[in-house]
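A.B. asks: Requesting a structural model of the entry that follows:
(chains A, B and C, ligands or ions: 3)
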Amino acid sequence: MTEWRRPRHLREALELLGESPDRYRIVAGGTDVMVERHLHPENAPAGWLDISGLSELRGIARLETGELRVGAMTPLSAVREDAAVRESWPLLAASAAVTGAPAIQNRATLGGNICNASPAADNPPVLLAYGAEIEIASAGGVRRIPYSAFHAGYRRTVLGQGEMVTGLWLKPVPRGSRQYFRKVGTRAAQAITKVGLAAVVPFGPDGTVRGARFGFSSVAETPCLARTTAAALEGRSPLAVPSGEIGALLEQDIAPISDLRSTGAYRRQVAARLVREALQAGHFQ
Amino acid sequence: MRSGERDFSRNPLRLDGMDKILGRTPYLDDLHLRDPDLLFAATVRTTLPGGVLEGIDFGGGTDWSDMTVVTARDIPGTNAVRLLENDQPVLVEREFRHAGEAAVLLAHPDRRRLRKALLQVRLAERPAGVPVFTIEAALQGQAETIPGNTYTEYRLEKSGPRQETGHPDTVIAVEVETPSQEQLYIEPQGMVARLAPDGVVRVEGSMQCPYYVLDALVQCLGLPASRIQVVQTATGGGFGGKEDFPSVIACHAALLALRAGGRPVRLVLDRAEDLRVTPKRHPSRSRVRLAATPEGRLQSVAFDFDLDGGAYRTLSPVVLSRGVIHAPGPYRCPDVRVTGRAVFTSHPPFGAFRGFGAPQSIFAMEVAMDRLASRLEMDPAEFRRKNLLCPGDTGPTGDIAGEDTHARKALDVALERSGYARRRTEHEAWNRAGGPTRRGIGLATFCHGAGFTGNGETHLASRVTLAATAEGKVELLVSNTEIGQGAATTLVQVAAEALGIPMDLVVFGPVDTARVPNSGPTVASRTCMVVGKLLEKAARRFLEQLPPAGGKGNAPGRPDFQEACRKLHALGGAGEVTETYAAPPGPAWDEKTFQGRAYASYAWAAYVAEVEVDLVTFETRILHFTAVQEIGHAVNPQIALGQIEGGIVQGIGWALLENVVWNGSGVMANDRLATYIIPTSADIDGIDVILLEEGQGAGPRGAKGIGELPMDGPAPAIANAVRHALGVDVDRLPLTPEYLHARLAEQQEVHSWLSK
Amino acid sequence: MAVEMTINGLPCRSTADPACRLLDVLREEFGLPGTKEGCGEGECGACAVLVDGQLANSCLVPVGQLEGAAVTTIEGIPANSPVAQAFLACGATQCGICTPGMVMATVALLQDNPRCTREDVRRGLSGNLCRCTGYARIYEAVLQAAGDLPHD
Ligand SMILES: Cc1cc2nc3c(=O)[nH]c(=O)nc-3n(C[C@@H](O)[C@@H](O)[C@H](O)COP(=O)(O)OP(=O)(O)OC[C@H]3O[C@@H](n4cnc5c(N)ncnc54)[C@H](O)[C@@H]3O)c2cc1C
Ligand code: FES
Ligand code: FES
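C.D. replies: Numbering: from 1, shown residues only, chains lettered A, B, ... in the order given. Ligands and ions are numbered 1, 2, ... in the order given. Now for the predicted structure:
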């Protein structure tokens, strides 16, 4: 029988992790962990740290500052349904609503979705586009870093030994920003993303682009921001940018590959078209 | 009759419905859950795409003393899977032809120990020859595993007087390929075998054809049929996938059980293994050359049809023959030449999947028909209408189309129902407006022959039995299986109607070879039509046999009937009625020339697909789907609709989503439900299904087989709609966004090159 | 470690390995085989049950997480429930292997959204694969059940 720990308080969980960081594998909603366990039972860890009992990690709260905190253990169905999210961060509601199907969303957590660190995950592009911050805790304390610095490489994150993700922070979006999310999956639902884009495009008083962010999935080894593209668009009118230019800019931001689900050529081409669509019209599924 | 406005008086509820809905129906995996004697089993498989097995290393890390191990040497009978030819070993002895062939079988009561042992066994495989993975490579004959790398070659040739117009014919040539397709029954394949105390080897499991399994066991175990019992358990989908492969698993499980002293052995494939090693739809390549007069009369069809059979012959010849016969479509044409070949490749063998070769050739023909219509500058519907077979015409196999040829009617109803002409104009206007999507409408007209091809039914000589029970009911004994298609309801319905009694007085007997006669396999859309008809006949004789209490001829009252049945039951075997198939009158089938009557009945259909292609992502969405078919008689319209809707959605999957990707060893690489993509409810909206019933088929009350039919039409209708939407010719399936993207880019390159 | 929960309203105590799948616990420890396994990786929904009223794929739920939870399986759905009756009347089952999961997904959907539209049904059932029916009869059944449910 494997060791199963289900602490009730964050402190207890962090102490367990701190004492023997290599021993435990964190399990949140289990929707990734259990698939892996089914496919590769021989890789089971010595012990499981079940964080589903930690109330500190659950729930969504809007602070007086206007910021939103989403606990890492919040299931995607709660994210999808939350009134504040739907009103002010609609892209996150949209991405949560297309992560797997309802049965997945009921168990899968936002924290798990980003810690699993799949480049195809659906919520990371939105968090990148919103410029989210990630709250990381260990027995030694809590730190908050930009989410855009969280992914360190293919399926790797900057989480250190004894650390876990406890929450995500979102700042209010500038008024009048164009918001866009589109998932291009292998089918209409319960689909793994082939290319996904979340974009927030704020405008200056003159109607030019100011501080746009384009978060992508499935076009690089991590979820990624198209920084070069965003920089080149700065101060320009969104409709003045020809498609060809977008494609050329994106070359520096993304490195799509061919795999079982799609081709590099398709991903490259569609990524550019999604940016163009985002610039032309806000839209979320 | 269409979905939506249905007449429920003809739709008794499915007899197996409530148990399935409430999860009370036991499938193989639900049995023996707590049997302390049970051994779990696993299979060690080859990894190279062909070669020689030089040794087996069992590894030292495991205690082998209590592990049951079977290799080829332990086979008491013949080491070959019984089917058309004995070319496929039950277990690899030395030579093997593909990756994934079973070499060693293991069984143990502890699943964890079993898994560990499985990982320990190493096969010493030496590669031999160059594997071939495509039809092209096989026919180039780089490495010949069998002569010419060709299992079978068939020719269908018909020539007659051409219409002389004084003008040259318009000719087009088309080459298309279709990929494999996985049946993806939601219940994976599995068997439990044991040796009963009376010395009978009892094998139960998920299957379509109990007597195929029985025959395979007889050959492999070297035991007489009397010492083998095969029982079908509730089967969670088959679609052809559980036609031949259950024989392999049954042999494996039985060998282990015998080796383990008779203990029950459970061999259930996990999903990934099921996807990798079980047979799927044959990949195909078609080269079609069509000629028509300038007015649009088909003058000739020249068709090369090649199927990738995989590494063993299995069912390929029969799949090929159906593909060849269906290739020229339901059209009148004086000059028809079809050459079909099933070739060897180093993939695991391909097998039966709904449609059985016909969807592949029909796809090519229907795509070609649209291209020819364009060349002729005719509307595809009008072009088809001109050429569809009518009663009295000579069909491609030289047979005269009978009075039940309703191809035109199906087309006319489909055109009207779908508003074809209006929608076509609307879509063209939409496309001219230049928005972010393109729309198109496409058509396929086709027929599907039901029952075994040619003389198959005569060779089979199916038998059905009706027996009276002690409870005063009639038991229906057939080897046909309920696999979801509703046979356990429709056959009871047919028998009850013929007996003139309520359905609750008829019992669908257990599908157990110890009880039921061989009424043939559950394949080829034959169960309701052929076996149903036999039951109808048997019922007539049963009524004659009933002792006086039942009265003769006039419908007896319920108590009388039950009383009479009880009396009959008391007579034992003497009171049973068995009916054997006899070929109906009609032209014979010539297997050499492919001329004559190929099928007892054809169902006729016209499908219309409307699609929208997103120009940002190249994703194709079905806007609307209309499916009209003339099926003779729907024994149970609700079940018939369900069959057709289900088949259409499988066809939509094949057209747009489903793609078997091969790894370097020729084995399915996308071996998970996360990577082999079938339609979900979000992908499928309404499908308008219309059943036309003219009552002239070979089955009960004129029913025709319908199981496979709906698989034939969606892919070509969708491909033609996509062509209408985008103006690009498509030459393969599935029409994934990646493919359409590449195809549009190519086409644009060609256009810009041409315009230079 | 033992996990105490209720299954279909009855208190149950599982002594299985806490990392064990709820699916196996239901089928093997508690003898409830109505919950089916189609893929073992969350894709097919044949193993769907309700955990505290919410739809979950039992192949993805480690039993260790279920202390105090209320689990409802297909065995907890009565034959006379509107959903079961509608599935029967509409011919929404064929081979039946997906059906228990489909019924559970329907129960969950109607609980959250008793006035669901066809669009809601298509989205709500999108995690439950059916290879036999092409879904049409299932949509009809769910909408019929929705009509038969008492609205408040
Ligand atoms: C059928 C199916 C369909 C899916 N479809 C989609 C989809 O469309 N889009 C998509 O993006 N994803 C999809 N997923 C994956 C998605 O369910 C997961 O990524 C989910 O969000 C992970 O959350 P969880 O709580 O279940 O994580 P778990 O499985 O519990 O954990 C995932 C990983 O993160 C670690 N972890 C979890 N929480 C923390 C934490 N707070 N701190 C540190 N480490 C942590 C775990 O140790 C583990 O390595 C699908 C999964 C399945 C099974
Ligand atoms: S078995 Fe759980 S989702 Fe398929
Ligand atoms: S009824 Fe067979 S999978 Fe749904």
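A.B. asks: just the strands in chain C please.
C.D. replies: Assigned by DSSP state E, the strands in chain C fall at C:3-7, C:10-14, C:48-51, C:54-57, C:70-72.
A.B. asks: would you turn those strands into TSV with mean pLDDT and distance to residue A:119?
C.D. replies: Any C-beta I mention is one placed from the backbone N, CA and C, and that applies to glycine too. Formatted as TSV, the strands of chain C follow (pLDDT from 0 to 100; distance: least, CB to CB, whole Å):
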stretch	mean pLDDT	distance to residue A:119
strand C:3-7	98	35
strand C:10-14	98	37
strand C:48-51	98	28
strand C:54-57	98	24
strand C:70-72	98	34
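A.B. asks: Got the domain ranges for chain B?
C.D. replies: Per the record, chain B has its domains at B:28-127+B:183-277, B:284-453+B:593-752, B:456-580, by automatic domain parsing.
A.B. asks: Model confidence at the spatially closest residue to residue B:253 that is not a sequence neighbour, what's the number?
C.D. replies: Excluding its sequence neighbours, the residue lying closest to residue B:253 (CB to CB, 6 or more residues apart in numbering or on different chains) is residue B:193, at 3.7 Å. On the pLDDT scale, residue B:193 is placed at 98.
A.B. asks: and residue B:193, backbone torsions?
C.D. replies: Here the main-chain torsion angles of residue B:193 (degrees, to the nearest 10) amount to phi -120, psi 150.
A.B. asks: Not counting sequence-adjacent ones, nearest residue to residue B:361?
C.D. replies: residue B:327 (3.8 Å).
A.B. asks: so how far is residue B:467 from that neighbour?
C.D. replies: Residue B:327 sits at a distance of 43 Å from residue B:467 (criterion: CB to CB, to the nearest Å).
A.B. asks: These two - which one has more neighbours?
C.D. replies: Using other CB atoms under 10 Å in any protein chain shown as the criterion, residue B:327 and residue B:467 rank with residue B:327 on top: 27 against 22.
A.B. asks: for the more buried one, what are its contacts?
C.D. replies: Contact analysis of residue B:327 by CB atoms under 8 Å, 6 or more residues apart in numbering or on different chains lists B:156, B:286, B:301, B:303, B:305, B:338, B:340, B:361, B:362, B:364, B:365, B:396.
A.B. asks: what about the residue nearest to residue B:361, distance to ligand 2?
C.D. replies: Distance, residue B:327 to ligand 2, using CB to the nearest ligand atom, to the nearest Å: 38 Å.
A.B. asks: Let's see the pLDDT reported for that residue.
C.D. replies: For residue B:327, pLDDT reads 98.
A.B. asks: Angles on the backbone of it, please.
C.D. replies: phi -60, psi -50.
A.B. asks: same thing with residue B:743?
C.D. replies: Main-chain torsions, residue B:743, degrees, to the nearest 10: phi -70, psi -40.
A.B. asks: And the pLDDT for whatever residue of chain B ends up closest to ligand 1?
C.D. replies: Nearest residue of chain B to ligand 1 (CB to the nearest ligand atom) works out as residue B:674 at 6.5 Å. pLDDT recorded at residue B:674 is 96.
A.B. asks: Touching, residue B:21 and residue C:86? I think so.
C.D. replies: No - the pair residue B:21 / residue C:86 is not scored as a contact, 9.5 Å apart, by CB atoms under 8 Å.
A.B. asks: Run through the residues that contact residue A:163.
C.D. replies: Contacts of residue A:163 (CB under 8 Å, 6+ apart): A:17, A:136, A:137, A:138.
A.B. asks: Relative to residue A:35, which of the strands of chain C is closest?
C.D. replies: Residue A:35 lies closest to strand C:54-57 among the strands of chain C, at 10.1 Å (CB to CB).
A.B. asks: For ligand 2, tell me whether that closest one is touching it.
C.D. replies: Yes - applying CB under 6 Å from any ligand atom, one finds strand C:54-57 touching ligand 2 at residue C:57.
A.B. asks: Excluding chain neighbours, give the residue nearest to residue 125 in space.
C.D. replies: Let's take chain A. Nearest residue to residue A:125, sequence neighbours excluded (CB to CB, 6+ apart): residue A:215, at 3.5 Å.
A.B. asks: my question was about chain C
C.D. replies: When the adjacent residues along the chain are set aside, residue C:125 lies closest to residue B:681, with 4.5 Å between them (CB to CB, 6+ apart).
A.B. asks: Give me the neighbour count for the one you found.
C.D. replies: 29.
A.B. asks: need the contact list for it.
C.D. replies: Residues in contact with residue B:681 (CB under 8 Å, 6+ apart) are A:189, C:121, C:122, C:123, C:125, C:126, C:128, C:130, C:135, C:138, C:139.
A.B. asks: ok, now how distant is it from residue C:35?
C.D. replies: Noted for residue B:681: a distance of 20 Å to residue C:35, by CB to CB.
A.B. asks: Equivalent analysis for residue C:96, please.
C.D. replies: Using CB to CB, residue C:96 is found at 13 Å from residue C:35.
A.B. asks: And the residue nearest the centre of the chain?
C.D. replies: In the absence of a named chain, this looks at chain A. What sits nearest the mean C-alpha location of chain A, by CA atoms, centre = their mean, is residue A:124, with 1.5 Å.
A.B. asks: that's the wrong chain, I wanted chain C
C.D. replies: Short answer for chain C (CA atoms, centre = their mean): residue C:104, at 2.6 Å.
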